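Enquirer: kindly return the folded structure for what I paste below:
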Amino acid sequence: MDAKLIEQIVREVMASMGETPKQPKVNQNSLKVSKNDYPLGTKRPELVESPTGKGLEDITIEKTINGEISADDVRISAEILEYQAQVAQSVGRDAFARNLRRAAELTKIPDDRILEIYNALRPYRSTREELIEIADELEHKYGAKINADFVREATDVYQERKRLKEHM
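Expert: Here you go, the predicted model:
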């Protein structure tokens, strides 16, 4: 279901109950941050939100002890990684910004699949075809184009250096 539709439904239900849900903090597609916004948690705390929607003010020791905060509540979100990439880029750290954007894409992929891909990328573990399938999966299933391109590049390097698994 579309996230905007879900958000609209929640707003209508909350309004009918006499409550107002949290408004979205920003339009993340158009927001640009820079070194002047760093550290985000201090200078722009309204931007810092977990993948489950919890802000910094929602995460406390007391709530953690009471079991109200889960591990998913303290994971980094793709949006925060993008903001950090923008900060890095604003100070000329382009390579670091690219790494943060790759990491942002990886937040969409289940941890167990990331570990499988990591193992498949080790020398002599995969054939060229298997690595190309992984790249296609990253791009088409998870929308992780940067990582897909990275795997394709690694595949070419492995082939050149004879680090691919032989066909069985």
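
Enquirer: could you give the number of residues near Lys32?
Expert: 9 (other C-beta atoms under 10 Å). The C-beta positions use only the backbone N, C-alpha and C, and glycine is treated the same way.

Enquirer: so the closest residue to Glu130 other than its chain neighbours versus Thr127, what's the distance?
Expert: With sequence-adjacent residues excluded and distances taken as C-beta to C-beta, 6 or more residues apart in numbering, Glu130 is closest to Ala120, at 6.5 Å. Applying C-beta to C-beta, to the nearest Å, the value for Ala120 to Thr127 is 10 Å.

Enquirer: check contacts around Glu105.
Expert: Ala78, Leu138, Tyr142, Gly143, Ala144, Lys145, Ile146, Asn147 (C-beta atoms under 8 Å, 6 or more residues apart in numbering).

Enquirer: repeat that for Glu166.
Expert: Glu166 touches Thr127, counting by C-beta under 8 Å, 6+ apart.

Enquirer: tell me the SS of it?
Expert: coil (DSSP: H, G, I helix; E, B strand; the rest coil).

Enquirer: on that earlier part again, just the buried residues out of the contacts of Glu105, in PyMOL syntax.
Expert: Here is the PyMOL command that selects the buried residues among the contacts of Glu105 (16 or more other C-beta atoms under 10 Å):
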select buried, resi 78+138+142+144+146+147
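
Enquirer: now, which of the contacts of Glu105 lie within helices?
Expert: Using DSSP state H, Ala78, Leu138, Tyr142, Lys145, Ile146, Asn147 are the members of the contacts of Glu105 that sit in helices.

Enquirer: looking at the fifth one now. What's its pLDDT?
Expert: Translated: Ile146. If you check Ile146, the pLDDT there is 96.

Enquirer: repeat for the second one
Expert: In the prediction, the pLDDT value recorded for Leu138 is 98.

Enquirer: how does this structure divide into domains?
Expert: 24-107, 108-168 (automatic domain parsing).

Enquirer: would a markdown table of the ones in helices among the contacts of Glu105 with distance to Ala154 be doable?
Expert: Formatted as a markdown table, these follow (distance: C-beta to C-beta, whole Å):
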| residue | distance to Ala154 |
| --- | --- |
| Ala78 | 22 |
| Leu138 | 12 |
| Tyr142 | 17 |
| Lys145 | 15 |
| Ile146 | 13 |
| Asn147 | 10 |
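
Enquirer: taking those together, which two end up most distant?
Expert: Ala78 and Leu138 (14.4 Å; C-beta to C-beta).

Enquirer: list just the nearest of the contacts of Glu105 to Lys108.
Expert: The closest of those, once distances to Lys108 are taken by C-beta to C-beta, is Tyr142, at 4.9 Å.
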